[in-house]
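> One predicted model, sequence on top.
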Amino acid sequence: MNYISNNIIRQVLLLLFIVLLGIVLWFQLSTFLPAFLGAYTLYVIMRKYMLLLQSKYKWKSGLCAALLMFLSFLIIMLPILVLVNMMASKVGFAIQHSSEVLKAIQGFIERYEKAYNIDIITNANIQKATNWGAQTLPQVFSATLSTLITVVVMYFILFFMLTEGRKMESGFYEWVPIKDENIIMLRKDLNRMVLSNAIGIPLIALAQGIVGLIGYLIIGVTEPVFWFIITCIAGMLPVIGAALAYVPLSLLLFASNEPVKGAIVLAFGLIIIGSTDNIFRFWLQKKLGDVHPLITVFGVIIGVNLFGFIGLIFGPILISLFILLLKVYSKEFSPSKNALNKPT
């Protein structure tokens, strides 16, 4: 009779306990996963500068981390501050002339109702619009608040990643049960994908701004360069994005008694500028990270559902990482490949 050794039983029980404990921790801490992923993104970007300050200038790790975090915070907050400063006068004008905006929108709709004999402003449609607004506004507010909390937690995690980066990386090499060469390949590919996605956000925002500028010039919007800058900055912001540029612009055109231009700008923004994000993202992912468009599409869908806004970055990475792990597994445990790698 064959007996199972006590050592194998102990190993299986320990693995089961680790898996169960990991599942419990996952469900309890999954809320903070976007913060961890954001911290890892910044860590990949800052790592070489952290090592440079420590090795060349002999700075203490805490001081290096604090300086890099402060600079990154300024870089993240600077577009928001510029956007608020540039939009302050425009928003003030729209608020002061809110009644004119509503009258212009109503007159524009009534004109087309008479021309095409249709009913747009009905009690049912008003009720639907009211219900949609009541549902959407709390979601936007909740997403904005969640983003702020995520940023705070992200910087908290990032500080320890930066100060204990070497220990974290050496522990990763020690704990992960695969060959070092495969760990190096895994780390390089993962870092490459993270960098390509991080670089992609401002480039996609710039593409939206350029497309917006072309549209503003064709439509005949006053101060097109101003709105180009606003569209670029807004395109980098989570949740609302470039809509924070073309929606106020549309309202201002309605307030200026230019309802046709206002409607065209709104339609152009929703259809063309909004589509630029998706189309350019496919091309950029393929160019910078060699990511197949299908991985980008399904990655964005999965990532946004799992992680929120940060899922735009880590959704495609998650699928790419899955495929990469399959390659690592094949290298590590495939009998045919292991046989070929044996010395003759």
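Arrived safely. Residues are numbered from 1 along each chain as shown.

> From here on, just use CA atoms for contacts and neighbour counts.
OK.

> quick one, helices of this structure?
Assigned helices in the chain, in chain order: 6-29, 33-55, 61-96, 98-116, 123-163, 165-175, 180-219, 224-235, 243-255, 259-268, 274-289, 293-307, 311-333, 335-341 (criterion: DSSP state H).

> Just send those helices back as a markdown table, with mean pLDDT and mean neighbour count too.
Conversion of those to a markdown table gives the following (pLDDT from 0 to 100; neighbours: other CA atoms under 10 Å):
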| stretch | mean pLDDT | mean neighbour count |
| --- | --- | --- |
| helix 6-29 | 86 | 11 |
| helix 33-55 | 87 | 18 |
| helix 61-96 | 81 | 15 |
| helix 98-116 | 73 | 15 |
| helix 123-163 | 77 | 15 |
| helix 165-175 | 80 | 12 |
| helix 180-219 | 84 | 18 |
| helix 224-235 | 89 | 22 |
| helix 243-255 | 85 | 22 |
| helix 259-268 | 90 | 20 |
| helix 274-289 | 78 | 17 |
| helix 293-307 | 76 | 18 |
| helix 311-333 | 78 | 18 |
| helix 335-341 | 53 | 11 |
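
> any idea how far Asn278 is from Gly299?
Going from Asn278 to Gly299 by CA to CA, to the nearest Å gives 12 Å.

> next one: Tyr173
Distance from Tyr173 to Gly299, by CA to CA: 27 Å.

> Likewise for Val44?
If you go by CA to CA, the gap between Val44 and Gly299 works out to 20 Å.

> ok, residues contacting stretch 190-206?
Counting by CA atoms under 8 Å, 6 or more residues apart in numbering, stretch 190-206 makes contact with 41, 44-45, 231-236, 242, 276-277, 280-281, 284-285, 288-289, 313-314, 317, 321, all of which sit outside it.

> now do 7 Å
When contacts are taken as CA atoms under 7 Å, 6 or more residues apart in numbering, the neighbours of stretch 190-206 outside the stretch itself are 41, 44-45, 232, 235-236, 277, 280-281, 284, 288-289, 313, 317.

> Same question for stretch 223-243.
Outside stretch 223-243, the residues within contact range by CA under 7 Å, 6+ apart are 79, 83, 143, 201-202, 205-206, 208-210, 212-213, 216-217, 244-245, 309.

> ok, 6 Å please
79, 205-206, 209, 213, 216, 244-245 (CA atoms under 6 Å, 6 or more residues apart in numbering).

> ditto for stretch 71-80
Residues outside stretch 71-80 that contact it (CA under 6 Å, 6+ apart) are Ile233.

> rewinding a little: out of the contacts of stretch 223-243, which one sits closest to Ala263?
Of all these, Tyr216 has the smallest distance to Ala263: 12.6 Å, by CA to CA.

> nearest residue to the closest one other than its sequence neighbours?
Nearest-residue entry for Tyr216: Pro224, 5.7 Å, with adjacent residues in sequence omitted and distances by CA to CA, 6 or more residues apart in numbering.

> cool, and Glu113?
The shortest distance from Glu113 to any residue other than its chain neighbours is 5.8 Å, reached at Asp119 (CA to CA, 6+ apart).

> Give me the neighbour count for that neighbour.
Using other CA atoms under 10 Å, Asp119 has 12 other residues around it.

> related to what we said a few turns ago, what about the residue nearest to Tyr216, distance to Leu213?
In this structure, Pro224 and Leu213 are separated by 6 Å, where distance is defined by CA to CA.

> just Glu223 next, same as before
Counting by CA to CA, the gap between Glu223 and Leu213 amounts to 10 Å.

> again, but for Phe228
The span separating Phe228 from Leu213 equals 5 Å under the rule CA to CA.

> Identify the residues contacting Val297.
With contact taken as CA under 6 Å, 6+ apart, Val297 is in contact with no other residue.

> rerun at 8 Å
Counting by CA under 8 Å, 6+ apart, the residues that Val297 touches are 282, 316.

> One more: Glu100?
The neighbours of Glu100, taking CA under 8 Å, 6+ apart as the test, are 254-255.

> Relative to Glu110, how far out is it?
Here the distance between Glu100 and Glu110 works out to 15 Å (CA to CA).

> How about Ala234?
If you measure Ala234 against Glu110 using CA to CA, the figure is 32 Å.
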